[in-house]
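Student: need coordinates for the following:
(one chain, ligands or ions: 1)
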Amino acid sequence: MDYAETIGAHYIDGNWVEDSDHSQNINPSNTADIIGRFARGDAGRVDQAVAAAADAQPGWADASPQIRHDVLEKAGALIMARKDELGRLLAREEGKTLAEAVGETIRAAQIFKFFAGEALRNLGDAVASVRPSVDVMMEREAVGIIGLITPWNFPIAIPAWKIAPALAFGNAVVIKPAELTPACAWELAKILDEAGCPKGIFNLVLGSGSLVGARIAEHPDIDAVSFTGSVPTGRQIGVTCASLGKKVQMEMGGKNPMVVMDDADLDVAIAACVNGAFFSTGQRCTASSRLIVTKGIYDKFVGALTEAADNLVVGDALDRATQIGPVVDEKQLQQNVDYVKLAADEGCDVRGGSIQNGPGFFQKPAVFASATNDMRVSREEIFGPCASVIKADDYDEALHLANDTDFGLSAGICTTSLKYATDFRKKSKAGMVMVNLPTAGVDYHVPFGGRKGSSYGPREQGGYAREFYTIVKTSYISA
Ligand code: ADP
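Tutor: Residues are numbered from 1 along each chain as shown. Here you go, the predicted model:
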């Protein structure tokens, strides 16, 4: 699959629609490698897509769930059949390692297949009315047209976990992927076309957040918006949607704590923290960016983590030896470098974090030892391979520090004590809790989402996704 000459078009009403304005898709491992040029649309393109979706959606919602099942099942099978090629494309455009990228592609296929089944399992409820001879039924219907706005860090899995439930329950979709990673979403459009998705039901509009994304939030005929991205953008979209009475679901940042107790198995803790903090170059909203370590194991932990981080192989995402791929672009790299400097200015003992020479945006993982929880580096989401290591006196202080954050997506604890593990699971103010596992890395058949500044609206993924992508109708029937 050579993209160098490809001009990626929008996919609207079953047609490929060209535009005169384009953005270049650059490989962050090698900036000389141009993956392709992709259309940059505007509000007018969104309006076109919404008009097509409005025409097509009622028929799709009325269609037999078997039809929706079959389209999603086939899309899943097509993705799975191309997992290596799509994984390679993903690694090339986003920069995560080939292994992670192929894994993410397989995950996207699994998600489509899961929601194929969910199309058939859209069960309702029935209850006797309090009035004689009256029955009450509660059914879930499609919401209508769903606008999806997605980020660059999971360019195939996040679109998949929004598109698949939207389509399963009879909605039409208008999606705008991140400008840095349009190729995976473009391939998904081709796959849905090949899978027999009727025209107008799935629409892809490429372009900027300020033009295409903003129009999706504002368009009066889009009934619901699901967004994943940064806190400021999410909040802005949330306000717009609320003011227009739209359903909205937002997944935003994290500053996820991993507590390491004195009684932890050190190898387990180091493996969980290295994975959680540095894999995917730290570019996951579930990344472990605050490692909260009790004082008895603190020095040993910092020494072992520094060594493990230093040993990680940073390099080209397509090189099989690479463990940490590049940062996604120059802007993000500069931001990471600024945070490394800030960590030193705030008094951390900084280990690693230097820029690596090469044709891409390479950075060594950074350990911010001797950090405290009130430092900016421990409060702001960095979205890079950087982790604060914060000392706690005991379990109670560690729990307090873990919850002392504006975010609440994922939280973890490494311990061999059932007492601590159970207490942490109950008292953590995060949407997802991990025991002796990295804070990142989730299953696809269970809910994903957080609390506080991390998330807003119903959970994504698994059976819980139905809450956002359907609307309840209560019917009263007199015999
Ligand atoms: P990130 O820092 O991960 O790029 P953003 O929140 O900027 O996070 O981007 C996430 C998604 O939101 C992208 O698809 C982006 O184009 C889109 N986006 C950015 N600004 C806006 C906006 N004002 N309205 C709607 N979507 C936007």
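Student: nearest residue to the residue most central in space within the chain other than its sequence neighbours?
Tutor: Nearest to the geometric centre of the chain sits I158, at 4.9 Å (CA atoms, centre = their mean). Sequence neighbours aside, T150 is the residue nearest to I158 in space, at 4.8 Å (criterion: CB to CB, 6 or more residues apart in numbering). (C-beta placed from N, C-alpha, C; glycine too.)
Student: what of Q283?
Tutor: Excluding the flanking residues, the one nearest Q283 by CB to CB, 6+ apart is N153, at 4.7 Å.
Student: and that neighbour, that one's in a helix?
Tutor: No: applying DSSP: H, G, I helix; E, B strand; the rest coil, one finds N153 to be coil, outside a helix.
Student: is it true that it touches T281?
Tutor: No: judged on CB atoms under 8 Å, N153 makes no contact with T281 at a distance of 9.1 Å.
Student: quick one, which of these two is more surrounded?
Tutor: T281 (31 against 25; other CB atoms under 10 Å).
Student: can you pull the contacts of that one?
Tutor: By CB atoms under 8 Å, 6 or more residues apart in numbering, the residues touching T281 are G95, K96, I324, G325, P326, V327, V328, Q363, G384, P385.
Student: find the nearest non-adjacent residue to whatever residue of the stretch 351-479 of the chain ends up closest to the ligand, please.
Tutor: In the stretch 351-479 of the chain, the residue that lies nearest the ligand is F383 (7.2 Å; CB to the nearest ligand atom). The spatial neighbour of F383 that comes closest, neighbours along the chain excluded (CB to CB, 6+ apart), is Q283 at 5.6 Å.
Student: burial measure for the one you found, as a count.
Tutor: Neighbourhood size, Q283 [other CB under 10 Å]: 24.
Student: do the same with V130
Tutor: By the criterion of other CB under 10 Å, V130 has 7 neighbours.
Student: check what pLDDT it gets.
Tutor: As predicted, V130 sits at a pLDDT of 97.
Student: check I7 too.
Tutor: Confidence score, pLDDT, at I7: 75.
Student: right, and it touches R40 too?
Tutor: No: using CB under 8 Å as the test, I7 is too far from R40 to be in contact (11.3 Å).
Student: okay, these two: which has more neighbours?
Tutor: Between I7 and R40, counted using other CB under 10 Å, the more crowded position is R40 (20 against 13).
Student: gap between that one and the ligand?
Tutor: Distance, R40 to the ligand, using CB to the nearest ligand atom, to the nearest Å: 11 Å.
Student: again, but for A99
Tutor: Counting by CB to the nearest ligand atom - A99 and the ligand are separated by 23 Å.
Student: residues in contact with that residue?
Tutor: R320.
Student: and if you look at L148?
Tutor: P159, K162, I163, A166, V173, V174, I175, K176, I216, V225, S226, F227.
Student: how about the residues of the stretch 101-250 of the chain by the ligand?
Tutor: With CB under 6 Å from any ligand atom as the criterion, the stretch 101-250 of the chain meets the ligand at residues 149-151, 176, 178-179, 208-210, 213-214, 217, 229-230, 233, 236-237.
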